[in-house]
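Chemist: Model the following, please.
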Amino acid sequence: MLAKLIAEGRPLLADGATGTNLIAAGLAAGECAETWNETHGDRVRGLHQSFVDAGADIILTNSFGANRRHLRSRGLAERTRTLSRLAAEHARSVADRAGRPVVVAGSVGPIGEMLAPLGTLSGDEATAIFAEQIDGLLGGGVDVIWIETMSAPEEALAAARAAIAAGAPYAATASFDTAGRTMMGTAPEDFAGAFADLARPPLAVGANCGVGAADLVASVLAMTEAHPEAVVIAKANAGLPQRSGDHVHYSGSPELMERYAGLALDAGARIVGGCCGNTPAHIAAMRRGLDRYRRGPRPDLAAIEAALGKLVAPRSAKGPGRRRRSRDEG
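Modeler: Reported below is the predicted structural model:
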């Protein structure tokens, strides 16, 4: 279904955050979000419904960390397929009642361990771990596998190979949160080209999470400059997290994210949405931005900063290491 919607040529709207919105719905700090697929399915479906009501064309399943290695630390490794399937079924049930085409994307996040040679996990082991999760997602009825928040191309490729082996279409995004690169030093243009030698290319590639809307649009610029033929995804955080006691608030208003949506399209993105901190109100604002969109000039960094604020982590030749986003932040 995603390929069909892309072929129509109109900009597509993806949904917002899963983790931060589930926290607002009662998910406790440190609690495994994926277990809510079993214990609080009504709240998971309610979140999907709120994004569909806001105008999203694509909703991501509550399965970001539903892989065996991540779940093992919680004694849930043997629940991988079940929790993934339930995540897909919840999203599928909402999409099927939407009255319009809504894509169910199976969220596949990082394993949480480094691949060799920096770590001990081999590429084949990573592919097998992803394959188990993907099997559950496909069993629950997802339309596409959505590989997200990657730092190392090797890990994204392992997930892509698992999707290809399962006969599933896939998309892939990385988080460019370290001086314009991923935590592992990969530049946006290099990530976008990393899948060229696979048996089947991704339907779309792009950027998600990161350090705010301005930096993410800059990453989109780099991707589309190097790969103008690519269908590019922009899924930015709603500004930066600001902690007040136990509460985390994101600085980006719905109005800012409405401006971001149009600017991302001017930069060459075809799919726009939100990551950490983006509520249904933010997605509704992006919907307004897309519906009112009139193409403008391709922006430069000065235009991006004028519209969205200063870059938080401007591009450099190579940046220092940075932590990966935790599951509870997104």
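Chemist: now Ile164, what's its secondary structure?
Modeler: What DSSP: H, G, I helix; E, B strand; the rest coil gives for Ile164 is helix.
Chemist: I should have written Gly16 there, sorry.
Modeler: On the three-state scheme (three-state DSSP), Gly16 is labelled coil.
Chemist: Give me the local confidence score for Gly319.
Modeler: In this prediction, Gly319 carries a pLDDT score of 43.
Chemist: just the one 10 residues further on next, same as before
Modeler: Note on Glu329: pLDDT of 44.
Chemist: how many neighbours does the nearest residue to Asp266 once chain neighbours are set aside have?
Modeler: Spatially, and ignoring its direct neighbours in sequence, Asp266 is nearest to Gly296 (4.9 Å; C-beta to C-beta, 6 or more residues apart in numbering). In short, each C-beta sits where N, CA and C put it, glycine included. Neighbours of Gly296 under the rule other C-beta atoms under 10 Å: 11.
Chemist: can I assume Gly296 sits in a helix?
Modeler: No - counting by three-state DSSP, Gly296 falls outside a helix, being coil.
Chemist: wait, isn't it in contact with Ala267?
Modeler: No - here Gly296 does not reach Ala267: they are 10.1 Å apart, not a contact under C-beta atoms under 8 Å.
Chemist: Now do the strands in the protein.
Modeler: 12-13, 58-60, 103-108, 144-150, 170-174, 204-209, 232-236, 241-244, 247-250, 271-274 (DSSP state E).
Chemist: Parallel or antiparallel, list what pairs with the fourth one.
Modeler: To tie it back to what came earlier, the one meant is strand 144-150. Sheet partners assigned to strand 144-150 using DSSP bridges are listed as strand 103-108 (parallel), strand 170-174 (parallel).
Chemist: Distance to Ser93, mean neighbour count and mean pLDDT added to these, as a markdown table?
Modeler: Below are these laid out as a markdown table (distance: least, C-beta to C-beta, whole Å; neighbours: other C-beta atoms under 10 Å; pLDDT from 0 to 100):
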| stretch | distance to Ser93 | mean neighbour count | mean pLDDT |
| --- | --- | --- | --- |
| strand 103-108 | 10 | 28 | 98 |
| strand 170-174 | 22 | 29 | 98 |
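Chemist: I'd like those strands laid out as CSV, including distance to Leu83.
Modeler: As requested, the strands paired with strand 144-150 are arranged in CSV below (distance: least, C-beta to C-beta, whole Å):
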stretch, distance to Leu83
strand 103-108, 12
strand 170-174, 20
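Chemist: now for the ones you listed, which one comes closest to Leu240?
Modeler: Between Leu240 and the strands paired with strand 144-150, the shortest gap by C-beta to C-beta is with strand 170-174, which sits at 19.0 Å.
Chemist: separation between the residue nearest to Gly26 when sequence neighbours are not counted and Leu22?
Modeler: In this structure, Gly26 finds its nearest non-sequential neighbour in Arg43, 7.2 Å apart by C-beta to C-beta, 6+ apart. Separation of Arg43 from Leu22 (C-beta to C-beta, to the nearest Å): 7 Å.
Chemist: which neighbours do the two share?
Modeler: Common neighbours of Arg43 and Leu22, using C-beta atoms under 8 Å, 6 or more residues apart in numbering, are Trp36.
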